[in-house]
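> Show me the folded form of this:
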Amino acid sequence: MRTAIEFRGRSLKPVPAIARLLALGLIASGLLLGTAPAADAQVLAYAQAQPTDTIYKAARRALNQGRYEQAAKLFSESRTAEPQYAADALYYQALAYSKMGGRSNYRDALKTLQVQLEQYPDAATHQEAESLAIRVQAELARLGDPRAAEAMQREAARMQAEMEREVQHEVQREVDRAERDAVRAQADLSRQQAEVERAQARMHQQQESMMQREQLAERERQHAQQEAAQREAETKMYALQALMESDPDTAIPILENILKTRTEESTVLRQQAVFLATRLDDERTTDLMLDVLANDPDPEVRMHAAHWLARSDDPRAAAALRSAAESGDPELQQAAVFAITQKPGPESAAALRDIASRPGTDPEIRAMAIHGLAQHPSPENTRYLMDLFESLPPGEVEAREAALFGLAQSPDGVGGDFLFGIVSDPNEDPEIREMALYAAARSGGIGAAQFGRLYRESSSREQKEQLMFALTQSEDPEAFDVLLEIARAETDPELKQNAVFWIGRSEDPRARELMLEILEQ
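Numbers count the residues shown, from 1 in each chain. As a prediction, this is how the structure comes out:
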């Protein structure tokens with residue numbers, strides 16, 4: 001990169017920075033111009049020029065022979081007499097002045113160089129003139145010329161600034177290049193990462209596909225094993241069943257041995273065997289079923305045992321079922337509670353009440369026990385279900401519905417105030433109110449007049465439909481009168497249509513009269 005220097009108030013053409021640095025270094029070392037033999041190399045390059053009759057060539061010979069003063073005069077004459085050599089003559093004239101040395105000669109050299117640089121910017125020796133101007137000015141500065149020294153200081157400062165700019169530009173270029181390389185590297189990395197992710201996705205899909213195939217193969221293998229075990233168990237059961245019919249004394253020990261062999265491989269065989277054992281009815285079978293219910297690891301086997309024990313009159317069966325209902329196994333609990341509900345008697349009812357009341361009982365098990373109590377209607381169970389309903393939290397909707405359902409089955413009737421309070425409570429769950437209506441209609445706990453009052457006070461179409469249905473289920477003779485009143489007074493077309501529908505199904509003569517009234521309107 002080049003920069004300009006100041007020469008007699010003007011800037012010269014850019015000179016390579018390395019040349020300027022070399023010039024400044026030569027100033028410091030005293031090698032410029034007269035003290036450095038290498039400085040005459042440019043002059044000696046022209047030594048081979050042949051003598052001619054031109055002044056320019058004579059001046060060149062004088063310069064090459066070291067006759068500098070004569071050469072300077074001849075070059076000055078050549079500039080006037082031979083204009084074709086004027087541009088280069090100016091350079092060589094300045095070179096002659098510089099060879100003579102001295103402050104005045106250096107100044108004459110600078111003046112001559114300024115003329116060439118200004119008037120002949122395209123001269124062949126233009127670059128040499130710029131370089132010589134720097135060297136001459138450096139010599140003047142060395143000899144104490146203040147203007148030259150100032151010019152050289154400014155030139156040094158410009159050179160320093162220029163070199164700093166060059167360094168900054170180079171650094172910036174390197175930074176830009178590094179950033180471009182980083183962007184390309186990042187792009188390459190992103191592409192590589194994308195390729196890795198795609199490869200991983202393909203591998204994951206292949207692994208999933210392989211796992212699915214393996215799982216499918218495993219399921220098919222297990223299914224085949226189960227089918228084989230099922231077929232083998234059925235074959236053995238056919239044989240055992242035939243043996244039990246022909247020789248029960250021999251068959252029962254074999255059956256007992258099968259049920260006591262509690263391995264995973266024998267599960268299917270035990271399921272078949274316990275079903276076959278439920279067809280027996282003797283004390284040994286009771287002992288066997290009690291053992292199965294307490295100890296067999298398979299839920300289905302235990303369930304079959306519970307169902308058999310529900311039919312047994314042995315006191316141990318009731319105790320075993322009650323113990324199973326209190327176990328931590330939900331499936332065994334359900335089987336035991338169901339078996340207890342199938343076993344009539346006060347002991348079963350007491351067991352169901354204990355299960356329903358026990359804290360921490362699973363809501364589903366509690367509901368099953370309450371439904372079981374509905375199959376054992378009694379004044380004691382009716383009072384218990386009313387108390388239980390009051391104690392159950394609102395969240396146990398299924399158990400509360402089961403309690404109301406049990407009350408609906410009670411032949412002893414339920415207190416009207418109890419059911420009326422549930423039905424008329426606007427904060428009660430709608431499903432609970434509906435079940436209470438059903439219980440009231442079935443048990444007769446609420447009279448038709450109370451149903452009518454609730455109907456008139458209700459603003460809910462859904463509740464009105466439920467009340468209308470409860471009236472159709474009521475045994476109160478006044479229920480039909482209330483339905484007639486609703487059919488005549490109701491303004492809601494849909495509710496009026498429902499009332500006419502229910503009345504139309506009645507054989508009461510008043511139903512015919514209502515139909516004629518409607519037709520005559």
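> What about Gln342, how many residues nearby?
14 (other Cβ atoms under 10 Å). The C-beta positions use only the backbone N, C-alpha and C, and glycine is treated the same way.
> who's in contact with it?
Taking Cβ atoms under 8 Å, 6 or more residues apart in numbering, we find Gln342 in contact with 307, 310-311.
> Apply 6 Å and report the result again.
Counting by Cβ atoms under 6 Å, 6 or more residues apart in numbering, Gln342 touches Ala310.
> Let me know the distance separating it from Asp354.
17 Å (Cβ to Cβ, to the nearest Å).
> same for the host helix or strand of Ala239, what does it pack against?
Here Ala239, judged by DSSP states H and E, is contained in helix 146-246. Under the contact criterion of 3 or more Cβ pairs under 6 Å, 6 or more residues apart in numbering; DSSP states H and E, helix 146-246 touches helix 126-142, helix 248-260, helix 267-277.
> to the chain's geometric centre, what's the distance from the first one?
Read that as helix 126-142. 75 Å (Cα atoms, centre = their mean, to the nearest Å).
> which parts of that helix are buried?
Applying a neighbour-count criterion of 16 or more other Cβ atoms under 10 Å, one finds 126, 128-142 buried in helix 126-142.
> Settle this for me: Val136 is touching Lys99, isn't it.
No - the pair Val136 / Lys99 is not scored as a contact, 10.7 Å apart, by Cβ atoms under 6 Å.
> Ends of stretch 306-314, what's the gap?
One end of stretch 306-314 sits 13 Å from the other (Cα to Cα, to the nearest Å).
> which residues sit against that stretch?
For stretch 306-314, contacts defined as Cβ under 6 Å, 6+ apart pick out 278, 286, 289, 293, 317, 321, 335-336, 339, 342-343.
> Closest to Gln153 out of the buried residues of helix 126-142?
The nearest member of these to Gln153, counting by Cβ to Cβ, is Ala141 at 8.3 Å.
> Which residues are in contact with that closest one?
Ala141 touches 148-149, 152, counting by Cβ under 6 Å, 6+ apart.
> what's the answer for Asn381, then?
Contacts of Asn381 (Cβ under 6 Å, 6+ apart): Leu373.
> Look up how far Pro315 lies from it.
For Asn381, the distance to Pro315 - Cβ to Cβ - is 22 Å.
> shaky segments in the stretch 401-521 of the chain?
Scanning the stretch 401-521 of the chain for pLDDT under 70 picks out 410-416, 441-445.
> That one: helices as residue ranges?
All helices of the stretch 401-521 of the chain, identified by DSSP state H, counting those that start in this stretch, fall at 416-423, 430-443, 448-457, 461-473, 479-489, 493-504, 509-520.
> Nearest to Ala59, out of these?
helix 430-443 (128.0 Å).
> in terms of contact count, name the helices or strands touching that closest one.
Against helix 430-443 (3+ Cβ pairs under 6 Å, 6+ apart) you get helix 397-408, helix 416-423, helix 461-473.
> Point out the most buried one among those helices.
helix 397-408 (a mean of 24; mean count of other Cβ atoms under 10 Å).
> what's the burial count for the residue nearest to Thr261 when sequence neighbours are not counted?
In this structure, Thr261 finds its nearest non-sequential neighbour in Arg270, 7.6 Å apart by Cβ to Cβ, 6 or more residues apart in numbering. Applying the criterion other Cβ under 10 Å, we find 24 residues in the vicinity of Arg270.
> hang on, isn't Arg270 packed against Glu300?
No - assessed by Cβ under 6 Å, Arg270 is found out of contact with Glu300, at 8.9 Å.
> can you list the weak-confidence ranges in the stretch 151-300 of the chain?
Using pLDDT under 70, the stretch 151-300 of the chain drops low at 281-282.
> same thing but at 80, please
Filtered on pLDDT under 80, the stretch 151-300 of the chain yields the residue ranges 151-153, 155-156, 159, 225-230, 233, 244, 248, 275-285.
> How about the stretch 1-150 of the chain?
1-53, 148-150.
> now the helices for it?
For the stretch 1-150 of the chain, the helices defined by DSSP H, counting those that start in this stretch cover 17-29, 41-44, 55-64, 68-81, 86-100, 103-119, 126-142, 146-246.
> Minimum distance to Ala449: which of those helices has it?
Per Cβ to Cβ, nearest to Ala449 of those: helix 146-246, 63.5 Å.
> to the chain's geometric centre, what's the distance from the closest one?
18 Å.
> Can you give me the buried ones in stretch 446-457?
For stretch 446-457, burial by neighbour count (16+ other Cβ under 10 Å) applies to 446-448, 450-455.
> can you give me the offset of stretch 61-75 from its chain's centre?
So, by Cα atoms, centre = their mean, the centroid of stretch 61-75 is 93 Å from its chain's centroid.
> ends of stretch 334-354, how far apart?
Note: stretch 334-354 ends 15 Å apart using Cα to Cα.
> any chance of the contacts of stretch 306-314 in JSON lines, with secondary structure and distance to His376 too?
Formatted as JSON lines, the contacts of stretch 306-314 follow (DSSP: H, G, I helix; E, B strand; the rest coil; distance: Cβ to Cβ, whole Å):
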{"residue": "Thr278", "secondary structure": "coil", "distance to His376": "24"}
{"residue": "Thr286", "secondary structure": "helix", "distance to His376": "23"}
{"residue": "Met289", "secondary structure": "helix", "distance to His376": "23"}
{"residue": "Leu293", "secondary structure": "helix", "distance to His376": "22"}
{"residue": "Ala317", "secondary structure": "helix", "distance to His376": "17"}
{"residue": "Leu321", "secondary structure": "helix", "distance to His376": "15"}
{"residue": "Ala335", "secondary structure": "helix", "distance to His376": "19"}
{"residue": "Ala336", "secondary structure": "helix", "distance to His376": "16"}
{"residue": "Ala339", "secondary structure": "helix", "distance to His376": "14"}
{"residue": "Gln342", "secondary structure": "coil", "distance to His376": "11"}
{"residue": "Lys343", "secondary structure": "coil", "distance to His376": "10"}
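> Show me which of those residues are buried.
Applying 16+ other Cβ under 10 Å to the contacts of stretch 306-314 flags 278, 286, 289, 293, 317, 321, 335-336, 339, 343 as buried.
> just these now: which is nearest Lys73?
Ala335 (138.4 Å).
> hang on, that closest one packs against Met303?
Yes - contact criterion Cβ under 6 Å: Ala335 and Met303 qualify, at 4.0 Å.
> re earlier: so which of the helices and strands packed on helix 430-443 is nearest His169?
Closest of these to His169 is helix 397-408, at 83.2 Å (criterion: Cβ to Cβ).
> Who are the packing partners of the closest one?
With contacts taken as 3+ Cβ pairs under 6 Å, 6+ apart, helix 397-408 sits against helix 363-374, helix 379-391, helix 430-443.
> Which strands or helices does the shortest one pack on?
Which is helix 363-374. Helix 363-374 packs on helix 330-341, helix 346-357, helix 397-408, going by 3+ Cβ pairs under 6 Å, 6+ apart.
> for the first one, packing partners?
With contacts defined as 3+ Cβ pairs under 6 Å, 6+ apart, helix 330-341 has these neighbours: helix 299-310, helix 315-325, helix 363-374.
> Next, the angle from that helix to helix 346-357.
Angle of helix 330-341 versus helix 346-357, following axes from the mean of the first three to the mean of the last three Cα atoms, to 10 degrees, is 140 degrees.
> what's the closest non-adjacent residue to Glu364?
Closest to Glu364 by Cβ to Cβ, 6+ apart is Glu398, at 7.2 Å.
> any idea how far the closest residue to Asp354 other than its chain neighbours lies from Ser98?
Once flanking residues are discounted, Asp354 sits nearest to Arg322: 7.7 Å by Cβ to Cβ, 6+ apart. Taking Cβ to Cβ as the measure, Arg322 falls 131 Å from Ser98.
> Those two: who's more crowded?
Neighbour count, other Cβ under 10 Å: between Arg322 and Ser98, Ser98 has more, with 27 against 19.
> hang on, isn't that one packed against Val136?
Yes - with contact defined as Cβ under 6 Å, Ser98 reaches Val136; the gap is 5.4 Å.
> list residues touching both of the two?
Ala109.
> what about Arg456, distance to Gln450?
11 Å.
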